[in-house]
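Visitor: structural data only, the sequence is not supplied:
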């Protein structure tokens with residue numbers, strides 16, 4: 001157990017200092033994690049000024065995990081050829097299909113692929129609106145219609161595809177329930193008694 005002043009000082013500590021206040025099991029687990037984390041080098045798709053670790057540590061960037069099998073490899077190679085030549089990475093936004101399909105276009109130096117991982121990791125500034133395209137990849141979506149990177153993450157990337165479908169189904173059910181409830185005949189409430197004079 002710790003006293004109140006020690007507890008209040010934990011907010012001022014760095015991550016390393018805080019972890020060192022834990023017991024030996026916590027310290028060992030953290031060392032093992034750090035070792036595993038650094039063992040898989042992250043390779044940028046294009047040369048840039050910032051490393052994977054720089055983006056990871058920067059609170060201004062939102063981290064996106066992109067599955068190449070469903071979001072990248074199935075794209076029309078001819079349609080994205082010009083983006084690749086300009087050193088941009090293109091992926092489909094999860095949960096968008098058919099006529100409503102949307103694509104996320106990210107500078108190549110903000111996208112990483114680890115040697116042993118099957119996913120891409122991209123970093124976008126949370127308070128900026130990323131470059132997005134509609135079906136056909138011809139014209140970008142207008143800036144006022146694009147969400148901020150943090151909103152895009154919450155809506156499309158925070159949930160797995162299965163969870164996203166389950167959420168959509170439950171939201172649709174809830175909407176129908178509200179509609180059905182609204183259609184029921186309203187119940188008359190009794191009139192309040194009149195005051196005697």
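Guide: That came through fine. Everything numeric here is computed off the predicted structure, so don't read it as measured data. Numbering: from 1, shown residues only.

Visitor: got the confidence number for residue 192?
Guide: Looking at residue 192, its pLDDT reads 68.

Visitor: ugh, wrong one, residue 149
Guide: Per-residue confidence at residue 149 stands at 94 (pLDDT).

Visitor: got it, and residue 103?
Guide: Residue-level pLDDT assigned to residue 103 equals 95.

Visitor: next up, the contacts around residue 118.
Guide: Neighbouring residues of residue 118 by Cβ atoms under 8 Å, 6 or more residues apart in numbering: 67, 68, 69. C-beta here means a position set from N, CA and C on the backbone, and glycine is covered the same way.

Visitor: how is it assigned, secondary-structure-wise?
Guide: Secondary structure, DSSP: H, G, I helix; E, B strand; the rest coil: residue 118 is coil.

Visitor: re earlier: the contacts of residue 118, buried ones only, as a ChimeraX selection?
Guide: The following ChimeraX command selects only the buried members of those, with burial defined by 16 or more other Cβ atoms under 10 Å:
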select :67
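
Visitor: not counting sequence-adjacent ones, nearest residue to the residue nearest the centre of the chain?
Guide: In the chain, the residue lying closest to the centroid (Cα atoms, centre = their mean) is residue 153, at 2.7 Å. Excluding the flanking residues, the one nearest residue 153 by Cβ to Cβ, 6 or more residues apart in numbering is residue 62, at 5.0 Å.

Visitor: secondary structure element for that neighbour?
Guide: Using DSSP states H and E, residue 62 maps to strand 61-66.

Visitor: and the following helix or strand past that strand, what does it pack onto?
Guide: As assigned by DSSP H and E, the chain's next helix or strand after strand 61-66 is helix 68-71. Applying 3 or more Cβ pairs under 8 Å, 6 or more residues apart in numbering; DSSP states H and E, one finds that helix 68-71 contacts strand 88-92.

Visitor: contacts for the helix or strand following the strand it packs on?
Guide: Counting by DSSP H and E, the next helix or strand C-terminal to strand 88-92 is strand 102-107. Strand 102-107 is contacted from outside by 46, 48, 64, 75, 83, 87-93, 96, 122, 124, 130-135, 137, 140-141, 152, using Cβ under 8 Å, 6+ apart.

Visitor: re earlier: mind checking how far the residue nearest to the centre of the chain is from residue 123?
Guide: 11 Å (Cβ to Cβ, to the nearest Å).

Visitor: give me the common contacts of these two.
Guide: By Cβ under 8 Å, 6+ apart, the residues touching both residue 153 and residue 123 are 62, 64.

Visitor: show me the strands in this structure, by range?
Guide: 42-44, 61-66, 88-92, 102-107, 111-114, 120-125, 131-134 (DSSP state E).
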